[in-house]
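Q: Using only what follows, build the 3D model:
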Amino acid sequence: MRPPACVFVCVCVCVRRARIWPIERVERAGRLTLLCTSIVGMASTLLIMGVYFWEKDRGRDPPDLALPATMVYMLSFAIGLGPIPWLVINEIFPDDARGTAGSMAVLVNWVSAFLVTQFFQTMDSAMGSYGVFWFFMTILATGFVFVLINGDVIKSRASRIGDQ
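A: Numbers count the residues shown, from 1 in each chain. Okay, here's the model as predicted:
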């Protein structure tokens with residue numbers, strides 16, 4: 001198999017499995033655990049990608065970690081930050097506000113994705129590739145602290161009722 005086809009197959013298998021895994025385990029493993037694991041995995045891979053591009057910019061020949069780091073990033077996203085926020089939205093808002101809140105969450109999600117796509121090249125020119133990856137790693141680290149501080153909101157309604 002040619003390298004581009006091999007990469008495509010690896011990514012497809014990775015994404016397919018990552019989409020099924022959290023559905024099977026989200027309540028058993030715990031939302032907070034999966035979300036924290038997701039953020040740590042994503043931040044770690046962004047750190048690795050930053051180091052990779054830092055080394056490349058310095059003229060060194062770093063080990064080729066881009067593909068494995070990208071796959072771990074996608075897996076990490078799929079087990080936590082991908083599905084869990086959508087579960088939480090349905091539980092933290094009352095029934096009468098759920099539609100509006102969900103719509104606003106989708107709007108923020110897509111606007112954020114647009115901004116990242118729109119300004120990635122500009123950021124790359126200004127900070128270098130390593131700087132962009134480390135910038136987003138810092139955002140994830142901030143998100144990790146936020147999740148730890150507000151972890152009780154992320155627990156399922158059933159587990160909060162059981163804790164009372």
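Q: C-alpha only now, for contacts and for neighbours.
A: Will do.
Q: Now the residue nearest the centre of the chain, what are its backbone angles?
A: If you average the C-alpha coordinates of the chain and look for the closest C-alpha using Cα atoms, centre = their mean, you land on residue 77, 3.6 Å from that point. Taking degrees, to the nearest 10, you get phi -60, psi -40 for the backbone angles of residue 77.
Q: Count the neighbours of residue 122 for me.
A: Other residues within reach of residue 122 by the criterion other Cα atoms under 10 Å amount to 12.
Q: next one: residue 131
A: 20.
Q: For it, give me its contacts.
A: Residues counted as contacts of residue 131 (Cα atoms under 8 Å, 6 or more residues apart in numbering) are 50, 124.
Q: Which helix or which strand is home to it?
A: Residue 131 is part of helix 95-149 when elements are defined by DSSP states H and E.
Q: Which other helices and strands does the next helix-or-strand element following that helix contact?
A: Downstream of helix 95-149, the next assigned helix or strand under DSSP H and E is helix 151-154. For helix 151-154, the helices and strands in contact under the criterion 3 or more Cα pairs under 8 Å, 6 or more residues apart in numbering; DSSP states H and E are helix 31-57, helix 84-92.
Q: Quick check: the residue lying closest to residue 66 once chain neighbours are set aside vs residue 68, distance?
A: Spatially, and ignoring its direct neighbours in sequence, residue 66 is nearest to residue 49 (6.4 Å; Cα to Cα, 6 or more residues apart in numbering). Here the distance between residue 49 and residue 68 works out to 10 Å (Cα to Cα, to the nearest Å).
Q: So which of the two has more stuff around it?
A: When residue 49 and residue 68 are compared on other Cα under 10 Å, the one with more neighbours turns out to be residue 49, at 24 against 14.
Q: For the more buried one, give me its contacts.
A: With contact set as Cα under 8 Å, 6+ apart, residue 49 has these partners: 65-66, 69, 130, 133.
Q: go on, residue 132?
A: Here residue 132 is in contact with 50, 120, 123-124 (Cα under 8 Å, 6+ apart).
Q: do that again at 7 Å, thanks
A: Taking Cα atoms under 7 Å, 6 or more residues apart in numbering as the contact definition, residue 132 lies against 123-124.
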